[in-house]
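>>> Have a look at this prediction, sequence included:
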Amino acid sequence: MRDIIVLFTIIILPFLFFTYKLIPLDYNIWSSEFLSLDSEVIIDVDYCIWIFYIKVFTLSILSIWFVTNPYEWRFFIVLPIIIEVYKVYVQIANLKWGYDYKINFFESLFLSFPYILILFIFSRWTGFYIKKETFKIKINEEINTELNKISSFNSESFKAVKKDLSLIVKQKEMMNNKEYLIKLIELRDKLTL
């Protein structure tokens, strides 16, 4: 189910990107609960909204990558996420308060850390990272089992099989291919751990 949700999100993101076309641009002042756009302050509102959507789209892709990545190097994705949160914050601040507003990087960190914490919790909840850990445990157990078999291998039986192999190789010309193969399989079975 979680894979279907991720797949659906990846498929729908490009379509959501074009929802910026729904914002009416024929008004001089457009306002909503979140921000207001004044066409006298912002010369090209369509371009500003398009840039904002690009930044949100990039942040979404990085977030999906972080959540679905089962490897430990996924924490390197946190830095680009912090940068993208800063870019989104700058764009919102510019759209809301104009380009004269001085933006401090540390203001966006107060938004970045909760966002990353939510991503980390969501990643743990979906189990992409945990799944890799369980595979690592199973593989280590299998390796240890095989190494224990090898350590209990009797070298005397190996020497006997090696001696039998040299006899079979010498007698190869007196046997047909099927008999030769049967003898080799019997030897292999003697060596099976």
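Nice, thanks for sending it over.

>>> any idea how far the residue lying farthest from the centre of the chain lies from Lys149?
Distance from the C-alpha centroid of the chain, by CA atoms, centre = their mean, peaks at Met174 (59.0 Å). From Met174 across to Lys149, the span is 35 Å (CB to CB, to the nearest Å). Every residue, glycine included, has its C-beta placed from N, CA and C.

>>> Run through who's touching the helix or strand containing Tyr115.
For Tyr115, the element it lies in under DSSP states H and E is helix 105-126. When contacts are defined by CB atoms under 8 Å, 6 or more residues apart in numbering, helix 105-126 is touched by residues 2, 63, 66-68, 74, 78, 81-82, 85-86, 89-90, 129-130.

>>> Flag every buried residue along the helix or strand harbouring Val169.
According to DSSP H and E, Val169 maps onto helix 155-170. By neighbour count on 16 or more other CB atoms under 10 Å, the buried set for helix 155-170 is 161, 165, 168.

>>> Packing partners of that helix?
On a contact count with 3 or more CB pairs under 8 Å, 6 or more residues apart in numbering; DSSP states H and E, helix 155-170 meets helix 177-191.

>>> Tell me how far the residue nearest the centre of the chain lies from Ile77.
What sits nearest the mean C-alpha location of the chain, by CA atoms, centre = their mean, is Asn69, with 2.1 Å. Separation of Asn69 from Ile77 (CB to CB): 7 Å.

>>> Measure how buried Ile118 is and give me the count.
12 (other CB atoms under 10 Å).

>>> and what of the one 5 residues further on?
As a burial measure, the neighbour count of Ser123 was computed by other CB under 10 Å and equals 19.

>>> just Leu147 next, same as before
Neighbours of Leu147 (other CB under 10 Å): 10.

>>> Please determine how far it is located from Asp164.
According to CB to CB, Leu147 and Asp164 sit 26 Å apart.

>>> now do Leu13
Distance from Leu13 to Asp164, by CB to CB: 65 Å.

>>> so where's this protein shaky on pLDDT?
Residue ranges of the chain with pLDDT under 70: 1, 23-46, 97-101, 129-136, 150-155, 191-193.

>>> same thing but at 90, please
Residues of the chain that meet the criterion pLDDT under 90 lie in 1-56, 64-75, 83, 85-113, 116, 119-193.

>>> quick one: secondary structure of Pro70?
When classified by DSSP: H, G, I helix; E, B strand; the rest coil, Pro70 comes out as coil.
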